[in-house]
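1. what shape does this take:
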Amino acid sequence: MFARGFVRGPEHLELSVISYYVSHVRPFFGILASYLFASRHHFYRIFLRDAPIIDLRLDQAKLQVSFILKVCDFFYYCKNNWHMIHLDWSVSLMSLYPHVKQALSLLPPTEPSAEEIVRSRQLEPTLVPPLEDRPHVPSVEDFTIPGPAGEIPVRLYTPKGEGPFPLFVFYHGGGFVLGSIETHDVVCRILARETRCKVISVGYRLAPEHAFPAAPDDAYAAAQWVAEHAKSLNGDPERLFVGGDSAGGNLAAVVALMARDRGTPFIAKQVLLYPVTDFHEHETPSIYPSYHENATGYGLTNQKMSHFWNFYLKNREDRMNLYASPIRAKDLSGLPPALLISIEKDVLRDEGEWFGEQLREAGVPVMSKRIKGTIHGYLRMFPDQVETQETMELITSFIID
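-> Numbers count the residues shown, from 1 in each chain. Next up, the predicted model:
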C-alpha cells in the first residue's frame, strides 16, 4: 500500500520514518527518538537498507501512521527508561578523569568558526613535545611514496627486534582537515613500541584544499605500496594491518572496503579508534544519541563535526558514498576482523558502535570496547594516562590473537 518507509512492525521500523520524526519534532523529543531508535540496547532495531538517514520526507499517509505509533512508544520508553535519559552536563563531567577535566577547563568557551578551524593548523606544531621528550623508538625514517596525485609523505617507525615485522599502516585523525604525521608522532611511537609492529604513518591530503576522495585515495595507495614493498621493509605481508583514530579510523575502514572491492591488498585486521563512520550536518538533528548527549563541553562538538564534513565533502551526493560514510555500505561482508574503540563522552560514540554492530551482522569478527572517563582524541592528548595504556593493551592483544 505504501512505498518504502512504511512502518511494518516493531522489529522493522524503516529509517526514513525515524528521520522524519527526528527532523520535525521538537528537539527534546528528537533526543528521545534517538535514544529509542539508535541504541542496540533498546526495543527496536533499525535497518539502513537503501534508505538515506538524512533529508528524507514522508508523505502524509506515512506520517499519520508513524506519528501515532511513535508518540505511544516514546511515552512508554520514558516511563520505563527515565534513568537513562539524563543530560545534565555538570553531572556527566564528574565521571571524567581529573586530567581530562583540567584539559577541558582550558578550552575556549565559544565554538570556533569554520575559518578558525582551518587557521588552527598553525598552532598544531606547538602542541607536539620536543623530540627529546618523545618515546624512544630504535629507528624513525621520513620519506615519500608514489600517490595518485603526487608524492605522499610517510614516516616509518621500527621497533626492537629482528623481523620480519607485522606492518601497521596508520592514518592520523583531525576531521579530514587537521592533523599530520607530526601531530601523531607520539601515538605512533607508542604504537610501534607496544605492538612490535613497523608503523607507517601516512600524510594524506587534507580538506578543504583537497576534498573527498583525495584522502581515501591516498590512504589506499599507501596501503597498497606497503603491501607491495613488505619484503624490502622487513615486514610480513600476511600481517598487514590498517588503523587510525577519528577521521583516520574512517580511512582505515574505507581502505578495508576498497581492498575488498578491488581484491588487493590483503588486509589482515583493521583497528578503528573512535572512528568517524557517517556524515553529520549540524542543522539536521542526528539519529545518534551521542550527538545530542555530548553535543558540547567535551572538546569535539556537534557543530565542529559539521564544519569538518562541509570541508571534506564538496558534493552533496558524496554523503551517501560508502568510501566517505562506511556505515552506509550495503554489504560489509568479507572485511577483515576489526577492533573498534569508542569513547563514552564523544559525539562519535554511537555511530562507531553502530558500525561495529553492522560489521557483526555481516559476519565480521569484531572486538569492541567503550573507553570511559575520557574524551575524543585522548590518545594524542593524554599519551601517558591510563586510558591510552588500556587502549594500547587492547590493540596489542587484538593484533597478536
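2. which residues does the helix or strand encompassing residue 371 contact?
-> Following DSSP states H and E, one finds residue 371 within strand 366-375. Applying C-beta atoms under 8 Å, 6 or more residues apart in numbering, the contact partners of strand 366-375 are 95-97, 100, 103-104, 298-300, 337-346, 349, 353, 356, 359-360, 378, 381-382, 385, 387, 390-391, 394, 398. In short, each C-beta sits where N, CA and C put it, glycine included.
3. I'd like to know how many residues surround residue 364.
-> Residue 364 sits with 18 neighbouring residues when counted by other C-beta atoms under 10 Å.
4. ok, residue 310 next?
-> Per other C-beta under 10 Å, the neighbour tally for residue 310 reads 17.
5. you'd agree it is up against residue 114?
-> Yes. Between residue 310 and residue 114 a contact is recorded at 7.0 Å, counting by C-beta atoms under 8 Å.
6. just to revisit the earlier point, how far is the strand holding residue 371 from where the chain is centred?
-> 12 Å (C-alpha atoms, centre = their mean, to the nearest Å).
7. list the buried residues of that strand.
-> 366-368, 371, 373-375 (16 or more other C-beta atoms under 10 Å).
8. and of those, the nearest to residue 304?
-> Of all the buried residues of strand 366-375, residue 375 has the smallest distance to residue 304: 12.8 Å, by C-beta to C-beta.
9. ok, the closest one to residue 107 distance?
-> 10 Å (C-beta to C-beta, to the nearest Å).
10. how about the spatially most central residue of the chain, what does it touch?
-> In the chain, the centroid-proximal residue (C-alpha atoms, centre = their mean) is residue 275; its distance is 1.4 Å. Contacts for residue 275 (C-beta under 8 Å, 6+ apart) come out as 244-246, 248-250, 252-253, 340, 348, 352, 355.
11. now the common contact residues for residue 375 and residue 107.
-> Common neighbours of residue 375 and residue 107 (C-beta under 8 Å, 6+ apart) are residue 299.
12. neighbours of residue 143, just the number please.
-> Neighbours of residue 143 (other C-beta under 10 Å): 10.
13. list the beta-bridge partners for it.
-> Assessed by DSSP bridges, residue 143 has beta-bridge partners residue 154.
14. return the distance of it relative to residue 155.
-> Residue 143 is 8 Å from residue 155, by C-beta to C-beta.
15. cool, residue 134 as well?
-> Taking C-beta to C-beta, one finds residue 134 at 12 Å from residue 155.
16. likewise for residue 125?
-> Here residue 125 is placed at a distance of 15 Å from residue 155 (C-beta to C-beta).
17. and if you look at residue 331?
-> Separation of residue 331 from residue 155 (C-beta to C-beta) stands at 34 Å.
18. again, but for residue 334
-> 31 Å.
19. tell me which of those two has more neighbours.
-> Set residue 334 next to residue 155 and count neighbours by other C-beta under 10 Å: residue 155 wins out with 21 against 12.
20. re the thing from before, list buried residues within the contacts of strand 366-375.
-> Using 16+ other C-beta under 10 Å as the burial test, the contacts of strand 366-375 include 96-97, 100, 103, 298-300, 337-346, 349, 353, 356, 359-360, 378, 381-382, 385, 387, 391, 394, 398 as buried.
21. from these, which land in helices?
-> Assignment to helices by DSSP state H places the following of the buried ones among the contacts of strand 366-375 there: 100, 103, 349, 353, 356, 359-360, 378, 381, 387, 391, 394, 398.
22. these: which two are farthest apart?
-> Farthest pair in these (C-beta to C-beta) is 103 and 360. Separation: 33.4 Å.
23. now do the same for residue 120: helix, strand or coil?
-> Reducing the assignment at residue 120 to three states with DSSP: H, G, I helix; E, B strand; the rest coil gives helix.
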